[in-house]
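Trainee: Model the following, please.
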Amino acid sequence: MRTSRPTCNVKIMLSRRVLLLWGVVLVLLLAACADDDDPPGTTPAAPTQEVAEDGGSPSSPSAATSTAPTATPTATPTPTDTPEPSPTPTATRPPTGPVTVCLSEEPPSLYLYGPASYAADVIHEVVYDGPVDTREYSVQPVILEKIPSLADGDAHLETVSVQDGDWVVDTEGKVVRLRTGINVRPAGCTSDACAITYVAPPTAGDDEADDEDGQEDEEEEDAAVLTPTLSLEMDQLVADFVLLPGITWSDGTPLTAADSVFSFQVAQEAQLPPRQRTGDQGVVPARTIDPVPRTASYTAVNSYTVRWVGLPGYLDPYYQSNFFSPLPEHQLGDYTPEELLEAPDSAQRPLGWGPYILVEWEPGQRIVAERNPNYFRADEQLPYFDRVIFRFDGDPESYLQDLESGECDVVARDALDADYQQYRDLEAEGAVRMHAVPGSVWEHLDFGINPIPGYDWRGDFFEDPRVRQAVAHCIDRQRIADELTFGLSVVPDAYIPPAHPLYGAAELTAYNYDPEAGIALLNEAGWRDTNGDGVAESYGIDSLQDGTTLIFNYTATSSPLRQQIAEMVIADLAECNIRVNRTEPVAPQTFFTPGVNSPIFGRQFDVTSFAWFADALPPCHLYLSSEIPTLRTNWSGFNVSGYESEAYDAACQSARGAAPGTDAYRDNHLEALRIFNQELPAVPLFMHLDVALARPELEGLLLDATEPVETWNVENFRRTED
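Mentor: Coordinates of the predicted model:
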């Protein structure tokens, strides 16, 4: 399975290849800050940015998401039993297939911890099958008996004593050695409100000494006024993952917990930048905080059970995904980390447990996989096809022709342009089937609530939430969504989509298209059109001179999508006596690059639109006051509107400090969602689409906003005529 950044795309659907390129560009633009006291023999990794282009979002890193140095956990497998080899399943289905999946590019490597690649992710699913899936923003087991949870007891919080010099996670999410001046959350604390500043207790020989002039050392005098922390207890999260019995590698060797521990050990050494995702299979978008350095231990309790233990203070919101995808120790155990990058056994034909075995790689042309007779679901007559062929020798236009002719059965998302009208026309002709679902990227209109000093030429227009609510009522968001997504997407009222498990529980206000309600809210806030010229004026607003007209600017990138959105929004707002001028389009390179020259990160805009990612963890951090881009943060941060709310900060920080499955996690996330929904620092417009194309007779292809690739259930692909 696979958190948030703005988008700059011409298309609604995210191109994964473009996404990866943007990630590389933005990472190079931002300096990586490593924590103090790197553990011996470790290499800090640079922070990454989640970028979504044209339906995604470049994001700006914060202190809380910077990658920390690798700690020194223990990871010694301690199996206590030996699994019985399972009989080799016999596939009874007669030969069927093949099914051909067409990709935009050839993967550079298939090594699990090799270079990030969408094509590699697609192919990994036929080899590894999971080990967990994400469906509808929740984690589901594939080769595990269940997903551990705090409610069920297979995950739990332990209270542990920590001492000076121990590795812990501080209030900013950094891995640090406990020492005087470090801010931490003691046991039971989930927010900064109850955090403490640690002060090392005195030791023998720490008696105060005078300097040559008989004066106390200034530093010792300052330290003397601090109360030593005589004892400190912190929370430590523990989760147990239990494998299904009888699963084997495709060569028939039993797959055990030790293989997952071996994978964790390999991940510790996998320093190829950027490090491939670890412990987060299926999370969309890929999490930016690597769990490896925040893991205290990862051990095999027995042959089927792995136990993950986080560092004290690290209540990982993704703990349910912290099962490391197994690697075959019996095959790869003698390779060095450097050799694994290029070895055929790891990079060209990795051994897995999934429905297929890789048998051929024709460079520049295709990769072929054949049915795995030892697949653990073979008794269900799965997989259906006897072979899967991955082609990467074409382009969007040629693939459309190949789809019609039957040379492609599936065209993956990364190989498509966002020409939805063309796809709809082909579907109407019966030539293809267009698979589309609301994705995990949401377009939104942001207000310049708190621009930088010197920019505020228009006056204080957006501080009053009623003005922002009025704008939400005045925009026909459903019409915008329907026109841009052919009626296939949805309009959210918060920073999570309607499909998210917390959305309904939040009981959000729906800002339906209602210009009369919008005008009423504007009148209530002091804006009225008294002269009938179609533009409201201010009356009785403390920060504005009476008669100030409600006119401001709309800033957007040169993307045709964003220009189309601007045109529709401006037309709608005119019906509510709001005049909006469209400024010159801004090049994406300027718009999305953190810095004072960016209109969003430099906080020099009235209104604008772009997109952020959402995932299973509600991204409330996007609107924290600590995320406001400033000179101090080198003009980086998510909260480009400058929105500030103590109540929102408290709820979001408490939610982020708690682990999923606790009341504190749920209750505080719901409170943050409600505050956002009432305050509206941004107006959600619509969810972007995820789209793939397939032959009309192909069944079983299921897209999901939180499943990163089309092949997550490739074993269920089948043809209707058979």
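
Trainee: Work out for me the element Val266 sits within.
Mentor: Val266 belongs to helix 257-269 when assigned by DSSP states H and E.

Trainee: Against which helices or strands is the helix or strand that that helix is followed by packed?
Mentor: Next helix or strand after helix 257-269 toward the C-terminus (DSSP H and E): strand 295-300. Identification of packing neighbours for strand 295-300 by 3 or more CB pairs under 8 Å, 6 or more residues apart in numbering; DSSP states H and E yields helix 257-269, strand 305-310. Just so you know, the C-beta spots here come from the backbone N, C-alpha and C atoms, and that holds for glycine as well.

Trainee: How far away from the center of its chain is the last one?
Mentor: Right, strand 305-310. Centre-to-centre, strand 305-310 and its host chain are 23 Å apart (CA atoms, centre = their mean, to the nearest Å).

Trainee: Which elements pack onto that strand?
Mentor: Looks like strand 305-310 contacts strand 232-242, helix 257-269, strand 295-300 (3+ CB pairs under 8 Å, 6+ apart).

Trainee: Go ahead and name everything in contact with that strand.
Mentor: Residues from elsewhere that reach strand 305-310, judged by CB atoms under 8 Å, 6 or more residues apart in numbering: 169, 236-243, 257, 260-261, 291, 294-301, 316, 319, 322-324.

Trainee: now these: which count as buried?
Mentor: With burial judged by 16 or more other CB atoms under 10 Å, the buried subset of those is 169, 236-239, 241-243, 257, 260-261, 291, 294-301, 316, 319, 322-324.

Trainee: Can you get me the start-to-end distance on stretch 639-648?
Mentor: Length of stretch 639-648, first residue to last, CA to CA, to the nearest Å: 13 Å.

Trainee: same deal with stretch 167-181?
Mentor: Stretch 167-181 has an end-to-end distance of 14 Å (criterion: CA to CA).

Trainee: which of the residues in it are buried?
Mentor: Under 16+ other CB under 10 Å, the buried positions of stretch 167-181 are 167-178.

Trainee: do stretch 487-502 as well
Mentor: The neighbour-count check on stretch 487-502 (16+ other CB under 10 Å) flags 488-497, 499-500, 502 as buried.

Trainee: Just the terminal-to-terminal distance for it.
Mentor: Between the opening and closing residues of stretch 487-502 lies a distance of 24 Å (CA to CA).

Trainee: what's the model's confidence in that stretch, averaged?
Mentor: The average pLDDT within stretch 487-502 is 96.

Trainee: again with stretch 101-109
Mentor: Stretch 101-109 comes out at a mean pLDDT of 95.

Trainee: Start and end of that stretch, how far apart?
Mentor: One end of stretch 101-109 sits 18 Å from the other (CA to CA).

Trainee: Tell me which residues are up against it.
Mentor: With contact meaning CB under 8 Å, 6+ apart, stretch 101-109 is reached by 17, 114-115, 117-120, 122-123, 341, 347-348, 363-364, 367, 388-392, 394-396, 399, 402-403, 408-412, 414-415, 710-711.

Trainee: Assess the claim that Trp249 and Asn372 are in contact.
Mentor: No. Using CB atoms under 8 Å, Trp249 makes no contact with Asn372, being 9.4 Å away.

Trainee: If you count surrounding residues, which of the two has more?
Mentor: Using other CB atoms under 10 Å, the more surrounded residue of Trp249 and Asn372 is Asn372, with 27 against 21.

Trainee: Tell me the pLDDT of the more buried one.
Mentor: 97.

Trainee: got the phi/psi numbers for it?
Mentor: In terms of degrees, to the nearest 10, the main-chain angles of Asn372 are phi -90, psi 110.

Trainee: isn't it right up against Leu351?
Mentor: No. The pair Asn372 and Leu351 does not pass the contact test of CB under 8 Å, sitting 10.3 Å apart.

Trainee: Need the residues touching each of the two.
Mentor: With CB under 8 Å, 6+ apart as the test, Asn372 and Leu351 both reach Ser250.

Trainee: for the buried residues of stretch 167-181, which one is nearest Thr720?
Mentor: Gly173 (49.2 Å; CB to CB).

Trainee: ok, now which ones touch the residue nearest to Val242 when sequence neighbours are not counted?
Mentor: Leaving aside its sequence neighbours, Val242 sits nearest to Glu145 (CB to CB, 6 or more residues apart in numbering; 4.5 Å). Residues in contact with Glu145 (CB under 8 Å, 6+ apart) are 242-244.
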